[in-house]
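Undergrad: when you get a sec, could you give me coordinates for this:
(one chain, ligands or ions: 2)
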Amino acid sequence: MSSSHAGFSKNESVKAASRHLRGHIKDELAADTPAFDEESEQLLKFHGIYQQDDRDRRKEARARGLDKHHQLMIRTRIPGGVVSADAYIAHDDISQNWANGTLRVTTRQDFQLHGVLKGDIKKSIAAINESLLTTLGGCGDVERNIMFCPEPRTDEFHEHVGDSISRMVAELTPRTGAYHEIWLDGEVVKSSEPEVEPLYGEQYLPRKFKTTIAVEGDNCVDVYAHDLAIVAMRGPGDSVRGFNVLVGGGLGRTHNKPETFVAVAQPLAFVEADQIVDVAREVVAVQRDYGDRSNRRHARLKYTIADRGLDWFRTEVQSRLSFKLQPPEPLEWKPVDDHLGWHEQGDGKLYVGIYIENGRIGDAGEVRSRTGLRRIVEEIRPQVRLTPQQNVILAGIDPAQRTRVEELMTEHGIAPVESVRRAIRHAMACPAIPTCGLAVAEAERALPSLIRQIASMLDELGLGEERISFRMSGCPNGCSRPYLGDVGFVGTTLGKYDVMLAGDFDGTRLNRVYAPNVPIGEIPQLLRPMFIEFGARREPGEGFGNWVDRVGFDTLHELTEQTA
Ligand code: SRM
Ligand code: SF4
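TA: Residues are numbered from 1 along each chain as shown. Ligands and ions are numbered 1, 2, ... in the order given. Have a look, this model is predicted:
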């Protein structure tokens, strides 16, 4: 392992000295202070906890000579986004009792709870664990939540893939007694045998690592954004023929730092159905051994592969396996399915995908999705599934219960997807201000108004039924995957966004900056002439991003100047 090299970033020594993620979190937790120190802040991430402050209250605090309003964000790691009714209710309770009254569905199918105070963190984590979920590995330099297409299916194919995912989760979850000791009052391990962390060692990974699993043909999990992307291929009947494996995707970048860049995952290999867990482990292990531990901005797998080459990477992974990697197969994608609305799930039951604006389950004005979902989950007890588009699926509903679910939705202002305008349905924004410390612009609070203006404009131009994706991030880190949509809005400073175009709805191609630093108020008028030209000139069935990519930015500039 490269852990003996000099020139490590500071985080590396914090991890190495942490005794498998213990540090002094336990002592700090017991101390009567509003916040954790810097070292604990880094280690807490591995436990699924981020120390934040309420940015809306910074000014007021400064004016009154007070410290920041410290609070914590908890991220529960939810493989494939599958949540039992009990776990849903537990999270809803925490959101009411100890967090800010909302539950946030993330772009990686997790729940986030914001605004938890230090004094309430331990009971919150305990309640999550009692509901049989964990926050361990929600953040930090380890394998993050493993995503999977959330469509509820009970066939053999899904069962087989589900089993591979469970084994992968077990293999890639950090092994440490620290989590139980700190949060669940587990016994302190005092054995004379040292605790062994077989995969991550003492220093864990150089950086976060993200894995997703798609079902052949459906890219609803945004395969190309991932360090490791796995595509399950169908065989005869309901069998799994094997998996295509892609590596080295990642969307984070930093303004004015050209050494940081966005990259799409590239095809690595095809492997047999029973080989995927070994491949996943060894891909992670190669990144553990060769990833850059001196510069955290250059530490994701995409940089290891850019520096050393994909062929080198394949050879290195191959050398650790007892079977032969086969050449990757070409992939074909059907139009992405967001799995919203009512559907049969193949076992006589129904599921309904419910649109949640920017993943924020809360009670605001007419829309009371928090109370509404809570009542449905308590009464009907469906399984809940969180989608990569920040929405919620309720599964396993008896056809006889459909009317009741619809009644409760209406009563709480939860719109059926058919009445959600397309532009709104296909939009996503990251949390940004006030909770995210890295935000330079608004996102979740700015998009609702902008997207309604855009939706009205599209209606007016007869394009209201078009599937166009709009994704907004409050900084270039790209948490709402803005670089993989038809249109990306990437915050550059308060009130301004790079407008990115020429991606596609199915997330197979990166978009590019069309207009930098556009004030948010000017975005509708920037887009309007493009939509007019798109409506007039596109080929039948051609999507907006594909059309922009085909005509090119130069022609688009000329056309829009004429139209404007
Ligand atoms: Fe993210 C950091 C929110 C998905 C790239 N992300 C953050 C933090 C934790 C800010 C921080 O480090 O202090 C944000 C917390 C905000 C808040 O107040 O809640 C944050 N990221 C999110 C979520 C909640 C956005 C959302 O709208 O749902 C998503 C949580 C996912 C989860 O459940 O695990 C989220 N983040 C993503 C994605 C999309 C994905 O993974 O599919 C990306 C781009 C893909 C990638 O990783 O390359 C992403 N987040 C980042 C980065 C840039 C990483 C890089 O390689 O440069 C950071 C900053 C960092 O790590 O230093 C970041
Ligand atoms: Fe924060 Fe930037 Fe991620 Fe948005 S994209 S949540 S602003 S880190």
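Undergrad: got the phi and psi for the residue in the stretch 151-300 of the chain positioned nearest to ligand 1?
TA: Relative to ligand 1, the nearest point of the stretch 151-300 of the chain is residue 252 (2.0 Å; CB to the nearest ligand atom). Glycine gets a C-beta too; all of them are placed from N, C-alpha and C. Phi and psi for residue 252, reported as degrees, to the nearest 10, are phi -70, psi 140.
Undergrad: in what helix or strand does the closest residue to it other than its chain neighbours lie?
TA: Distances taken as CB to CB, 6 or more residues apart in numbering place residue 477 nearest to residue 252, at 4.8 Å, with adjacent residues excluded. Under the criterion of DSSP states H and E, residue 477 resides outside all helices and strands.
Undergrad: show me what contacts residue 477?
TA: Residue 477 sits next to 251, 252, 253, 438 when contact means CB atoms under 8 Å, 6 or more residues apart in numbering.
Undergrad: what parts of the chain come near ligand 1?
TA: With CB under 6 Å from any ligand atom as the criterion, the chain meets ligand 1 at residues 50, 73, 75, 106-108, 110, 112, 144-145, 208, 210, 222, 225, 250-252, 300, 359, 430-431, 435-438, 477-481.
Undergrad: out of the contacts of residue 477, who's nearest residue 335?
TA: Set against residue 335, the nearest of those by CB to CB is residue 251 (21.8 Å).
Undergrad: right, and the closest one touches residue 480 too?
TA: No - using CB atoms under 8 Å, residue 251 is not in contact with residue 480; the gap is 9.5 Å.
Undergrad: more neighbours: the two, which one.
TA: Legend: neighbour count by other CB atoms under 10 Å for residue 251 and residue 480, higher for residue 480 (32 against 27).
Undergrad: pull out the buried residues from the residues of the chain next to ligand 1.
TA: Buried members of those, scored by 16 or more other CB atoms under 10 Å, are 50, 73, 75, 106-108, 110, 112, 144-145, 208, 210, 222, 225, 250-252, 300, 359, 430-431, 435-436, 477-481.
Undergrad: circling back to that earlier point, can you pull the pLDDT of the residue of the stretch 151-300 of the chain closest to ligand 1?
TA: We have a pLDDT of 94 for residue 252.
Undergrad: check the gap between it and residue 214 for me.
TA: Using CB to CB, to the nearest Å, residue 252 is found at 21 Å from residue 214.
Undergrad: now do residue 544
TA: Using CB to CB, residue 544 is found at 23 Å from residue 214.
Undergrad: with residue 109 instead?
TA: Counting by CB to CB, the gap from residue 109 to residue 214 is 13 Å.
Undergrad: quickly note the distance from residue 266 to ligand 2.
TA: Distance of residue 266 to ligand 2, computed by CB to the nearest ligand atom, to the nearest Å: 24 Å.
Undergrad: contacting residues for the residue nearest to residue 26 when sequence neighbours are not counted?
TA: Excluding the flanking residues, the one nearest residue 26 by CB to CB, 6+ apart is residue 182, at 5.0 Å. With contact taken as CB under 8 Å, 6+ apart, residue 182 is in contact with 22, 25, 26, 29, 47.
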